[in-house]
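In: Let's see this in three dimensions:
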Amino acid sequence: MQMKKMLLSHRVRNYVMKFQTKGFVGNHVLRNWLNSNSHSNSYIRNVKFGTHVLKTLLDFNSHSNSYVGNVKVACRDFSTGRRIKRLNSFGGLTSLNAEEGRFLEMFQEYFDRAAGFLDMEEDELNLIKGCDAVLRVSFPFKKSDGSIQVVKGYRAQHSKHRLPVKGGMRFASTVNLQEIEALAGLMTLKCATMDIPFGGGKGGVCIDPVDYSEKDLEKICRRFTIELAKKNFIGPGRDVAGPDLGTGEREMSWMADTYAMLFGRNDINAHGVVTGKPENFGGIAGRRQATGLGVFFCVKEIMNNKFWMRKAGYTDEELGYLGKRFAVQGFGQVGYHSAKFIQENGGIVVGICDRSGGILKNTGIDVEAVRKHKDETGTVLGAYDSREEKLDESIEGTDGVAAVLACDTDVLVLAATQQQINVSNADAVRAKLIFEAANGPVTPLAEEILDGKGCIVVPDVLVSAGGVTVSYFEWLKSLSNVRFGRLTKKLGRKIENNAN
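Out: Predicted coordinates:
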């Protein structure tokens, strides 16, 4: 059996090399799954070709004589040079995950596409693409109800070319190491896009905050901070965390306080270990709404630009966002503030959704009313029940989310989480402009579909960079230990009085 495995593996290598020599397959990712059963004559069961990704699944079934079971192409037809979105050559059972790949592979695919425009050696690009350091910890935790569980946490430092590394800390049940690595890589690119002197980092704890009391969350947050400190994965000059999915000012204050208790006696800059803190705890005015305001500024600039609006199919007379229709996926801090600023400045928000479902109103939704309702109930559903004017639609669950993503709108703001627009729903999107307010919400294959439809996708490394931009100033404030305006307050008053 061992000899058989070796022979079959050798056959796969030869098969892959044959295509590589012809330029059919990129050489960045190759994964072989071998599930060995006796008396197998299986060849290649599942192959996926991408611009830089080949996945090979060897399916060893007893007494099987399977040929190539399924082939997918997401690059080019090398006989004609034309781009192919998808090709199912032999049929077979597939899943969305198998077709799209993991989030880390998605980041690498986007990186490789961008790298094709650079005159750099492949070794240099691989150095930039790779993650410098990752940490995985686990610790026991006793909940308030007496049950004991093991909590897993992760932190990735993608690039230390500039220190400290900077990136959010998320609490979500979907958190895993490859996701954290991908998000850290995106953070490096985001900081570089905005010319902020940070490297990229990211962290997370694999829990659903809804399932824990505030006391439990505080214990987990403080323990995870201690674990990071033990491994030198946190510090004002080394690794600075910030709020992300499932975290906010409260969690950042817990982390800062824990770090200050450990090192504050010897480190005057201890509270600079995180950003996104409350204002009365060393935070900065405007940080809470910074990412959403940055989304609005991007919307404003893109939609007032003749080049991009023409590419999206609008005429010069249709420039601007005034009177345009917007749909927002995700109604946390980013989604809410994006919708708020868009509506306050003349846009019409016709659709809003969160993980509980979606609401639609053709004449425009009152964003503040929905926010107030969600603060009280935890959901956007039912926001208009007490009003005389009613919603056009209020749909629960994933059907509600799908309805908002596919609604008749000019602009779609994606402010939820990664991989929301994929090959399964990209065709249904009707918006001409898509703004990535979340990290990686559009997959590479979905982007090709949207590009074929003439849609403009504005990337997350620009759209969602408002948060890290303001976080940089908060970090500087923490290091200087001087509040903004203290040195110029009297000068400002004198200038104002002279002007009057």
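In: Helix, strand, or coil at residue 149?
Out: Counting by DSSP: H, G, I helix; E, B strand; the rest coil, the backbone at residue 149 sits in strand.
In: How about it: what's its closest non-neighbour residue?
Out: Excluding the flanking residues, the one nearest residue 149 by C-beta to C-beta, 6 or more residues apart in numbering is residue 141, at 5.8 Å. From N, CA and C alone the C-beta is placed, and that goes for glycine too.
In: how many neighbours does the closest residue in space to residue 321 that isn't next to it in sequence have?
Out: Residue nearest to residue 321 in three dimensions, not counting chain neighbours: residue 303, with 4.5 Å by C-beta to C-beta, 6+ apart. Using other C-beta atoms under 10 Å, the number of residues around residue 303 comes to 23.
In: same deal with residue 497?
Out: 8.
In: Need phi/psi at it.
Out: phi -70, psi -40 (degrees, to the nearest 10).
In: Check the gap between it and residue 485 for me.
Out: Distance, residue 497 to residue 485, by C-beta to C-beta, to the nearest Å: 16 Å.
In: can you list the residues that contact stretch 130-140?
Out: Contact with stretch 130-140 is made by 148-160, 177, 180-181, 184-185, 199, 223-224, 227-228, 231, 233, as judged by C-beta atoms under 8 Å, 6 or more residues apart in numbering.
In: Just the buried ones out of those, please.
Out: By neighbour count, with 16 or more other C-beta atoms under 10 Å, the contacts of stretch 130-140 hold 151-160, 177, 180-181, 184-185, 199, 223-224, 227-228, 233 as buried.
In: Of those residues, which belong to strands?
Out: 151-157, 199 (DSSP state E).
In: Tabulate these (TSV), appending pLDDT and distance to residue 492.
Out: Output for those, formatted as TSV (pLDDT from 0 to 100; distance: C-beta to C-beta, whole Å):
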residue	pLDDT	distance to residue 492
151	96	48
152	96	50
153	97	44
154	97	45
155	97	41
156	97	42
157	97	40
199	95	35
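In: Which secondary structure element is home to residue 128?
Out: Using DSSP states H and E, residue 128 sits in helix 122-129.
In: list the buried ones in the helix or strand that that helix is followed by?
Out: Next along the chain after helix 122-129, taking DSSP H and E as the criterion, comes strand 133-142. Using 16+ other C-beta under 10 Å as the burial criterion, the residues of strand 133-142 that qualify are 133-135, 137, 141.
In: again, but for stretch 163-183
Out: Counting neighbours by 16+ other C-beta under 10 Å, stretch 163-183 gives 163-172, 175-183 as buried.
In: again, but for stretch 212-227
Out: Result for stretch 212-227 [16+ other C-beta under 10 Å]: buried residues 212, 216-227.
In: ditto for stretch 126-133
Out: Under 16+ other C-beta under 10 Å, the buried positions of stretch 126-133 are 128-129, 131-133.
In: Just send the residues you listed back as CSV, with distance to residue 336 too.
Out: Below are the buried residues of stretch 126-133 laid out as CSV (distance: C-beta to C-beta, whole Å):
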residue, distance to residue 336
128, 35
129, 34
131, 32
132, 34
133, 34
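In: Next up, the contacts around residue 405.
Out: Contact partners of residue 405, counting by C-beta under 8 Å, 6+ apart, are 327, 329, 353, 412, 420-421, 425, 428-429.
In: can you rerun that using 10 Å?
Out: 327, 329, 351, 353, 358, 412, 414, 416, 420-421, 425-426, 428-431, 434 (C-beta atoms under 10 Å, 6 or more residues apart in numbering).
In: Quick one: residues contacting residue 461.
Out: 110, 114, 186-194, 436, 439-440.
In: now do residue 352
Out: Counting by C-beta under 10 Å, 6+ apart, residue 352 has contacts 326-331, 335-336, 339, 358-361, 365, 367, 370-371, 374, 380, 383, 400, 404, 413.
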